[in-house]
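Q: Sharing a model that was predicted from the sequence below.
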Amino acid sequence: MENEQRSRPQDRTKAYGEPKSVRNGGESRDDRRLFPRRTTAICLRRLNKMANPHEPHFFKPLLPGFQSGVTIPLAFFSKHIEGKTNQKTWKLRSDASDQTWEVIQEDRTLTRGWKDFTTAHDLQIGDLVIFKHEGDMVFHVTPFGPSC
């Protein structure tokens with residue numbers, strides 16, 4: 001019995017306070033933070049099924065360094081932003097706050113103001129964020145944890 005306890009893998013989820021998920025093949029939140037690309041692909045498939053194809057939107061997995069800026073996907077930028085407006089200030093809204101966050105767009109990257117948004121929403125590496133274009137430069141942002 002002592003040997004069984006020693007040979008069991010250490011449960012690293014205690015630091016996050018979340019149980020392992022059976023739906024994620026027994027991966028812990030800690031595992032998903034260590035290997036964000038694998039779980040991001042799973043999340044993207046799930047979220048694509050949920051997304052309304054008639055609402056302009058894009059997904060962004062948060063990888064190391066995301067606090068300094070987030071790059072807008074080229075296809076979305078070309079179709080919905082480039083040449084449509086001269087505005088460079090995005091207004092981000094979310095269900096988590098009544099506040100509207102103003103974030104500056106430089107080329108295809110959201111920079112100034114983005115770090116404040118990520119801090120206020122406690123975004124972390126491995127999270128996935130959906131940006132839904134509501135018109136003009138207003139976007140509804142929905143963050144998902146790494147388990148989607």
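A: Good, I have the coordinates.

Q: Tell me where the protein has helices.
A: Along the chain, the segments classed as helices by DSSP state H run 2-7, 29-34, 36-50, 74-76, 114-120.

Q: pLDDT of the longest one, averaged?
A: If I follow you right, that is helix 36-50. Averaging pLDDT along helix 36-50 yields 60.

Q: quick one: M137 and K91 touch, right?
A: Yes. With contact defined as CB atoms under 8 Å, M137 and K91 form a contacting pair (6.0 Å). Bear in mind the C-beta positions are built from the backbone N, C-alpha and C, glycine included.

Q: How many neighbouring residues does the closest residue to S68 other than its chain neighbours have?
A: Distance criterion CB to CB, 6 or more residues apart in numbering; nearest residue to S68, sequence neighbours excluded, is K115 at 7.0 Å. Using other CB atoms under 10 Å, K115 is surrounded by 16 other residues.

Q: For the nearest residue to F139 once chain neighbours are set aside, which residues count as its bridge partners?
A: In this structure, F139 finds its nearest non-sequential neighbour in F131, 4.8 Å apart by CB to CB, 6+ apart. Counting by DSSP bridges, F131 is bridged to F58, V141.

Q: and L62, what is it in contact with?
A: 36, 70, 118, 123-129 (CB atoms under 8 Å, 6 or more residues apart in numbering).

Q: which residue sits closest to it in space, ignoring its chain neighbours?
A: Looking at L62 with CB to CB, 6+ apart, the closest residue is D127, at 4.7 Å.

Q: Can you pull out the low-pLDDT segments for the chain?
A: 1-53, 147-148 (pLDDT under 70).
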